[in-house]
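Student: Here is the input, now give the coordinates:
(chains A and B)
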Amino acid sequence: MNRERQLTLIPAMAGMQLARAVLHADGHVLMASGAALDETSIQRLHLNHIQTVWVVLPDSDTPPTDTATGGAAPELARLVRLFRHMGTDPADRFLFDLVNRYRRGESP
Amino acid sequence: MTALHLDDIMKGIRSLPSLPMVVQELLLSIDQEDVNVADLARKIALDPGLTARSLRLANSSFYGMTNQVNTIQEAITILGFRTMRGVVTTAALLGAFSADTKTSFKVTAFWRHAIATALCAKELAPYFKLNPEHAYTTGLLHDVGRLVLVTRFPTEYEATLAYRAEQDCSLLDAERAVLNIDHAEVGKWLTKHWKFPEPMQLAVAFHHQARSESITPLGNVLVAADAVAHALDLSMDEDDSVPPISATFWRNFGVGDREWLQVFASVERQFAGASLILNT
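Tutor: A predicted model of the protein is given here:
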């Protein structure tokens, strides 16, 4: 059974899978449950004023199989959890992006 | 009702064992050109508890000494006065509070975060022409108000920890909601009571107020170092979280991406060794 967590859109990352469908304020489905987020869809959700999404979190006891997150799913999930109190302005993700790059092995 | 008043806090602070006077002198000496090292060594040696703790630290593997040192003077000769000043200050701060808080507060995680923040502040200091020693010590004590709260008001702090767990909010927000005061303000009063240098007092007071007009360069470094230490997950606390800081703060901070990556790598490289002091 996959665990799920509600995230603000800022730490939601391309490659993450939606645990629940994302609905527009008028009720129509913007993205279906199970769909994978990518940069375009995240941008589209922002434009539709969606502030939070439910994503599937990898089980920390299970080796990562999601190649979309570069095999770094547990590290990314941990980073997302650490940044869970981040604001909703996309510009505020500066430190998150920087640490994510560092964790992915980017050298100084 | 668990809200605390300033009078309660001040009583709590005054009931703490006082920090050895020589620590204040050591901190004030950081900016002095002409320091009477022999006199300070003699004053440290007059305090047997502080001397014992300092020598245990100096003999820890972090400082890489091949032979054990047995006196403060000997340690100064081998490690140098600047290093020993940091060792004695760290020993005094670690020894000022009882490890047993009788609450679910995670003391080791607290000190791991303090050390990570201290290392990060030290690394950032040269970008702002600040004294790295000042920055390190300020980083080490930036959350010290939390130790006052947890050791002097354990029942109230347990309620704060329960609130944080229930709401999954930051510990800072939980303190404000439950106690009506936060650790940064308590830290301000404690560092004032301990007569720490004013720049340190101000940095501790404003380390969660990145937008304050009163924030100093050392305060800005501390805001950033605290956030980075949380983001690098060095406290190893499952419930840890990074305080939200605006993009404007980071944009104005003036450190480039490449330099940030260097700071992250340098902090992580030093952390394992520096945190060995928790085992002494």
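
Student: now residue A:40, what's its secondary structure?
Tutor: Classification of residue A:40 by DSSP: H, G, I helix; E, B strand; the rest coil places it in helix.

Student: Could you count how many residues lie near it?
Tutor: Other residues lying near residue A:40 total 9 when counted by other CB atoms under 10 Å in any protein chain shown. For the C-beta atoms, the positions are set from N, CA and C on the backbone; glycine is no exception.

Student: Just the pLDDT at it, thanks.
Tutor: Listed pLDDT for residue A:40 reads 77.

Student: cool, and residue B:147?
Tutor: 92.

Student: ok, it - contacts?
Tutor: Going by CB atoms under 8 Å, 6 or more residues apart in numbering or on different chains, residue B:147 touches B:96-97, B:110.

Student: if we go to 10 Å?
Tutor: Counting by CB atoms under 10 Å, 6 or more residues apart in numbering or on different chains, residue B:147 makes contact with B:16, B:93, B:96-98, B:101, B:105, B:107, B:110-111, B:114, B:141, B:183, B:186-187, B:190.

Student: Now name the helix or strand holding residue B:250.
Tutor: Taking DSSP states H and E as the definition, residue B:250 sits inside helix B:247-253.

Student: so what does the next helix or strand after that helix touch, helix or strand wise?
Tutor: Using DSSP H and E, the next helix or strand after helix B:247-253 towards the C-terminus is helix B:257-274. Here helix B:257-274 is seen to pack against helix A:94-103, helix B:107-124, helix B:217-231 when contacts are counted using 3 or more CB pairs under 10 Å, 6 or more residues apart in numbering or on different chains; DSSP states H and E.

Student: and the helix holding residue B:250 with chain A, contact?
Tutor: Yes - shown here: helix B:247-253 in contact with chain A (CB under 10 Å from any CB of the partner chain) through B:247-251, B:253.

Student: and that helix, average pLDDT?
Tutor: On average, the pLDDT along helix B:247-253 is 88.

Student: Just the buried ones among the contacts of residue B:147, please.
Tutor: B:16, B:93, B:96-97, B:101, B:105, B:107, B:110-111, B:114, B:141, B:183, B:186-187, B:190 (16 or more other CB atoms under 10 Å in any protein chain shown).

Student: Among the residues you listed, name the ones in helices.
Tutor: Per DSSP state H, helices hold the following members of those: B:93, B:107, B:110-111, B:114, B:141, B:183, B:186-187, B:190.

Student: possible to save the residues you listed as a markdown table with pLDDT?
Tutor: Shown next, in a markdown table, are those (pLDDT from 0 to 100):
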| residue | pLDDT |
| --- | --- |
| B:93 | 85 |
| B:107 | 90 |
| B:110 | 93 |
| B:111 | 91 |
| B:114 | 94 |
| B:141 | 93 |
| B:183 | 96 |
| B:186 | 95 |
| B:187 | 95 |
| B:190 | 93 |
